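just to be clear, the model below is a prediction. Sequence and coordinates:
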Amino acid sequence: MRDLDWDDLRMFAVLAKAGSVRQAAELLRVHASTVTRRLEHFERRLEVKLFNRGPRGLLITPAGRDVLERVEGVAERIGDIERAVSGSDRRMAGCVRLWVPDALASIAMPAVAGFGERFPDVDIEFAPLAARPDVGRREADCGLFITDQPPGHLVGRSLGRLMLAAYGTLEWSRRRASGEACRWIELEGPPELRSDLRQRDFPGVPVGGRCHDLASQSAALHAGVGIGPLPCSLGDADPLLVRIGAAPPLAGCGIWVLMHPDLRSCTRVREMTRALTDAFARSAAAAVGEGAAEAAA
């Protein structure tokens, strides 16, 4: 058997993590047919079946699990080399791989824009939103994470907590104030965005729909389907939506800016994390949902 190609090993590891060809293609930034073709080629080279195809995606086989364990070891060693090289890089040039979940984009992106203006020789690459990146494997150099359990192998700092409130159109606000019945659009995912907001503030409002991402949730609220939860950093900044009710926002998971410890001496990564930290300090009121308190009241 010829020497294995690291690109094939990396493709296999991403595919095992994603669980579907489509999500793996998004993470790798290639067409789905390319992933399928390379997987078939990889299986032929190894002369073993790595995945079983099912209605819910790919199921890794026992042989595939054995290969994955070995690939993960190789990936960790390669990641160590890459981080060691990047960590000693003090130039404000090169690439920063950044992870910004859409719940925090309204606060983070102006900081990223300012960073780009100050350091034009640094390329900014955004990790796909399809799956949380593995910083340990350089799927991202740094980023913002919404979690109460930040990975122990990463370093960074807490930026506060994600706050959620109920939003809807101005028409729904008026109808709600007049006592008219309305419907609740529940935000089922991602898991870190789920909350007990309805149970706390709107127990009598029936669930009339469910969304599994922020884009569809915002679209449903814009269209007047009903009222429902959004992170305050998004809802308060949306001119088409208003806060429903006068109750204070509900605290969700913590917000962290994190990077791999090997990259602390990498100037461009350190400056990016500093820009994100400063942005949240400047936008503290918006981040905790104070920006629209008067309007809601």
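That came through fine.

now the spatially most central residue of the chain: phi and psi?
Nearest to the geometric centre of the chain sits Pro101, at 3.2 Å (Cα atoms, centre = their mean). Per-residue torsions, Pro101: phi -70, psi 150 (degrees, to the nearest 10).

right, and it touches Pro133 too?
No - contact criterion Cβ atoms under 8 Å: Pro101 and Pro133 do not qualify, at 10.6 Å. Heads up, the C-betas are built off the backbone N, CA and C, glycines and all.

what's stretch 172-186 in contact with?
168, 198, 202, 205-211, 217, 220-221, 224-229, 242, 244-245 (Cβ atoms under 8 Å, 6 or more residues apart in numbering).

returning to that earlier point: where does the residue nearest to the centre of the chain sit relative to Val257, distance-wise?
Pro101 sits 12 Å away from Val257, going by Cβ to Cβ, to the nearest Å.

any common contacting residues for the two?
Leu144, Phe145.

which residues in the stretch 51-200 of the chain form strands?
51-54, 57-60, 94-99, 122-126, 142-146, 155-168, 184-187 (DSSP state E, counting those that start in this stretch).

check the offset of the last one from the chain's centre.
Same thing as strand 184-187. Centroid separation for strand 184-187 versus its chain: 20 Å, with Cα atoms, centre = their mean, to the nearest Å.

could you export it as CSV, CA atoms only?
Below are the C-alpha coordinates for strand 184-187, written out as CSV (Å, rounded to 0.1, in the frame of the first residue of the first chain):
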residue,chain,number,x,y,z
TRP,A,184,-44.7,31.0,21.4
ILE,A,185,-41.9,30.1,18.9
GLU,A,186,-39.5,27.9,20.9
LEU,A,187,-35.8,28.0,20.1
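
buried sites along it?
Buried residues in strand 184-187, counted by 16 or more other Cβ atoms under 10 Å: Trp184, Ile185, Glu186, Leu187.

which of the contacts of stretch 172-186 count as buried?
Buried among the contacts of stretch 172-186 by 16+ other Cβ under 10 Å: 168, 198, 202, 205, 211, 217, 220-221, 225-229, 242, 244-245.

per the record, what domains does the protein have?
6-86, 94-297 (automatic domain parsing).

got TSV for those, with mean pLDDT too?
TSV is the format used below for those (pLDDT from 0 to 100):
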stretch	mean pLDDT
domain 6-86	77
domain 94-297	87
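
buried deepest among the ones you listed, which one?
domain 94-297 (a mean of 18; mean count of other Cβ atoms under 10 Å).

give the contact list for the residue nearest to the centre of the chain.
Per Cβ under 8 Å, 6+ apart, neighbours of Pro101: Leu129, Leu144, Phe145, Ile146, Pro190.

if you set the cut-off to 10 Å instead, what comes out?
By Cβ atoms under 10 Å, 6 or more residues apart in numbering, the contact set of Pro101 is 108, 127, 129, 132, 143-146, 162, 190, 192-193, 214, 231, 255.

of those, which is the nearest to Leu263?
Nearest to Leu263 out of those is Gly143 (Cβ to Cβ; 11.6 Å).

so what's the closest one closest to, chain neighbours aside?
The spatial neighbour of Gly143 that comes closest, neighbours along the chain excluded (Cβ to Cβ, 6 or more residues apart in numbering), is Trp99 at 2.9 Å.

what do you get for Ala111?
Ala279 (3.5 Å).

am I right that that neighbour is in a strand?
No - with DSSP: H, G, I helix; E, B strand; the rest coil as the criterion, Ala279 is located in helix rather than a strand.

that one contacts Ile107, doesn't it?
Yes - in this structure, Ala279 is within contact of Ile107 by Cβ atoms under 10 Å, at 5.7 Å.

report the angle between the helix or strand harbouring Val269 and strand 122-126.
Per DSSP states H and E, Val269 falls inside helix 267-282. Interaxial angle of helix 267-282 relative to strand 122-126 (axes from the mean of the first three to the mean of the last three Cα atoms, to 10 degrees): 60 degrees.
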